[in-house]
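Peer 1: how would this look folded up:
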Amino acid sequence: MSFRRVLIALALTFVLALPAFAQTTPQTGAVADPNANVSWPPPVYVLRGQFEVRGTANLPNMSNYFIEFRPLGSDLQPLTPDDWFPAILPSASAVVDGVLGVWDTRLTPDGLYELRLTVNVTGGQAVQQSITPIRLENTPPPFAVTPTTVPTATQPPAPPATPTPEPTVNTTPRVRITTPQGNVREGDSTAYRIIVTLPNSTELNIRGISNRGSGWYYVMMQDGRLGWMSPDIVETLGDLTGLPLVAPPPPPAPTAAPLPTAAPVTAAPASNANLVAGIVVLDPGSPSCAQTFTVGFDVANLGSENTIASGTISLVDVRAADGSVQGTTTGGFPVLTPGQTFRVNMPLTISTWYNETHRITLTIDPSNGIPENNEGDNARTHEYTLQKGSCP
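Peer 2: Residues are numbered from 1 along each chain as shown. Below you'll find the predicted structure:
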C-alpha cells in the first residue's frame with residue numbers, strides 16, 4: 001500500500017471517530033458572570049483531599065452564595081438530576097478572585113461530578129455557574145503509580161554522589177491570617193465569644209476541623225490555648241491530610257440586651273421552610289465493635305417553601321455512661337421541596353466500649369445556614385448497645 005493510501009485511510013478513521021468524540025466532550029456554556037464565577041478548578045480536573053475552590057461572589061445586593069455537587073455517569077449525564085449535595089455551606093461574605101471555601105472531598109466517593117456555584121440576590125434572580133466534569137480521586141488506581149526504574153545489568157554502577165541538602169519543607173498543618181486582623185473564638189461560628197484578635201500573617205497550628213460541617217479550624221495559639229478560626233479569614237498551609245473532626249462546644253445562649261449604637265444589619269430573608277428530624281435506622285440493627293455500620297437518618301421539609309440550599313448533618317456517637325465522644329461523621333442532603341423526605345446514609349465505625357449503651361445525636365444544619373421557621377425540631381437521638389464482635 002502506498003504512503004498516499006495510508007494517509008487517506010488514517011483521515012477516514014479520524015473523521016468517522018468525530019461523532020463519538022463529540023458526544024462525550026463537555027459543552028461550553030455561556031460566558032460566566034465576572035461577579036459570580038468559579039475560576040478554579042477548571043473542567044476536566046482531578047481533585048483530592050481538602051481542596052480550595054476559588055472564584056468571585058460579589059453581585060450587587062448579594063444575600064449569600066454556596067457551592068454544591070452532584071454525581072455524573074460515564075456518559076457525563078447526572079445520575080440524580082435533582083439531587084445536589086453541599087460542598088461549601090452558604091456564606092454572606094463577598095469574595096473577589098479569592099477562596100470561596102474549602103471542599104473536603106475525602107467525605108465523597110471517588111468518581112465524576114458536576115460542581116455548581118449559586119449566588120442569591122435579594123429581590124432578584126439567583127446567578128449560577130456549573131463546572132463539569134471534574135473527577136474526585138482520593139484513592140488513585142493502581143495503574144497511576146509510577147513504577148520504579150531498575151537499571152540493567154550492563155550499566156556500570158554510578159559513583160556515589162555527594163548528597164545536596166534539600167530545603168526543609170514544613171508540612172505541619174496550619175493557618176495564616178489573610179485579613180487585616182483575625183479573631184480566634186470559643187466555637188465554630190461568630191456567635192461565640194472572641195478569645196483574642198491577631199494581626200495579618202499570623203500563623204497558628206491546626207489541631208482539627210469542626211465536625212458540624214462549618215469548615216472552621218481548631219487551632220492552637222502560641223500560649224497553648226485552643227480556639228476556632230473561620231476559613232473565610234485564613235489560608236491553609238502544610239499537609240491537612242488526616243486532620244481529626246473535633247466537636248465544638250454547645251452554641252452560646254443569645255444575648256438579650258440590644259446594642260443601642262449598633263449599625264443597622266440587613267436581616268436574612270424570611271423562609272417558610274421547616275427542616276424536621278425523622279426516624280433513625282441502623283444497618284445492621286445491632287452494630288458490632290470495629291465493624292462499619294450505616295446510620296440512616298430521614299430529613300423532611302414540612303414547611304411551605306423550598307430550602308434555599310442543600311445542607312449537612314452532624315453525627316456524634318458518645319458512651320452513654322459518661323458522655324465521652326467515641327466517633328463523629330457528617331452527611332449531606334439536597335435542596336428539599338415542601339413535603340419531601342430524604343434519607344441520609346452515613347457509615348460509622350465504633351471500636352470502643354462494647355457491651356455498653358451508646359447514644360447517637362444527629363443534628364440537621366448544625367451551623368444554621370438554611371433559614372427556616374422553626375429551628376427547634378432539627379435534632380434526634382438514638383441509643384444502641386455495641387456488640388463485642390471481633391474485638392478482643
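Peer 1: please make it C-alpha for all contacts and neighbour counts, starting now.
Peer 2: Noted.
Peer 1: next secondary structure after the lowest-mean-pLDDT helix or strand in the chain?
Peer 2: Taking mean pLDDT, DSSP states H and E as the measure, helix 3-24 is the helix or strand of the chain with the lowest mean score, a mean of 36. Per DSSP states H and E, the first helix or strand lying C-terminal to helix 3-24 is strand 36-40.
Peer 1: can I get that next one as CSV, trimmed to CA atoms?
Peer 2: Below are the C-alpha coordinates for strand 36-40, written out as CSV (Å, rounded to 0.1, in the frame of the first residue of the first chain):
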residue,chain,number,x,y,z
ALA,A,36,-20.3,35.3,40.1
ASN,A,37,-18.0,32.6,38.9
VAL,A,38,-15.6,29.7,39.8
SER,A,39,-12.1,30.3,38.5
TRP,A,40,-10.6,27.1,40.0
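Peer 1: and it, how far from the chain's centre?
Peer 2: Put simply, strand 36-40 sits 17 Å off its chain's centre (C-alpha atoms, centre = their mean, to the nearest Å).
Peer 1: next, the buried residues of stretch 379-392.
Peer 2: Within stretch 379-392, the residues that count as buried by 16 or more other C-alpha atoms under 10 Å are 379-380, 384-388.
Peer 1: and if you look at stretch 106-121?
Peer 2: 106-108, 110, 112-121.
Peer 1: for stretch 345-362, same thing?
Peer 2: Under 16+ other C-alpha under 10 Å, the buried positions of stretch 345-362 are 345-346, 348-351, 353-354, 358-360, 362.
Peer 1: which residues touch that stretch?
Peer 2: Outside of stretch 345-362, the residues within contact range by C-alpha atoms under 8 Å, 6 or more residues apart in numbering are 288-297, 313-321, 326-331, 379-388, 391.
Peer 1: what do you get for stretch 65-78?
Peer 2: Under the contact criterion C-alpha under 8 Å, 6+ apart, stretch 65-78 has outside partners 24, 26, 57, 79-81, 83-92, 111-120, 133, 309-310.
Peer 1: also stretch 326-343?
Peer 2: Looking at what lies outside stretch 326-343 - C-alpha under 8 Å, 6+ apart - the contacts are 83-86, 211-213, 245, 273, 296-319, 344-346, 348-350, 352.
Peer 1: now with 7 Å, please.
Peer 2: 83-86, 211, 213, 245, 296-319, 344, 346, 350, 352 (C-alpha atoms under 7 Å, 6 or more residues apart in numbering).
Peer 1: also stretch 313-320?
Peer 2: Contacts to stretch 313-320, defined as C-alpha under 7 Å, 6+ apart, come from residues 211-212, 324-332, 357-366.
Peer 1: do that again at 8 Å, thanks
Peer 2: Counting by C-alpha under 8 Å, 6+ apart, 211-213, 324-333, 353, 356-366 sit against stretch 313-320.
Peer 1: residue contacts, Thr381?
Peer 2: Applying C-alpha under 8 Å, 6+ apart, the residues near Thr381 are 359-362.
Peer 1: low-confidence ranges in the stretch 1-150 of the chain?
Peer 2: Along the stretch 1-150 of the chain, segments meeting pLDDT under 70 span 1-31, 143-150.
Peer 1: would you map the strands across it?
Peer 2: For the stretch 1-150 of the chain, applying DSSP state E, counting those that start in this stretch gives strands covering 36-40, 46-47, 50-57, 62-71, 85-91, 95-104, 111-121, 127-136.
Peer 1: counting by contacts, list what the longest one packs against.
Peer 2: In this case it means strand 111-121. strand 36-40, strand 62-71, strand 127-136 (3 or more C-alpha pairs under 8 Å, 6 or more residues apart in numbering; DSSP states H and E).
Peer 1: now do stretch 207-215, average pLDDT.
Peer 2: For stretch 207-215, mean pLDDT is 88.
Peer 1: CA atoms of it as PDB?
Peer 2: What follows is stretch 207-215, C-alpha atoms only, in PDB (Å, rounded to 0.1, in the frame of the first residue of the first chain):
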ATOM      1  CA  ARG A 207      -5.400  20.700  65.600                       C
ATOM      2  CA  GLY A 208      -8.700  19.600  63.800                       C
ATOM      3  CA  ILE A 209     -11.800  20.600  61.800                       C
ATOM      4  CA  SER A 210     -15.300  21.100  63.100                       C
ATOM      5  CA  ASN A 211     -17.400  18.000  62.900                       C
ATOM      6  CA  ARG A 212     -20.500  20.200  62.200                       C
ATOM      7  CA  GLY A 213     -19.500  20.800  58.600                       C
ATOM      8  CA  SER A 214     -18.900  24.500  59.200                       C
ATOM      9  CA  GLY A 215     -15.300  24.300  57.800                       C
END
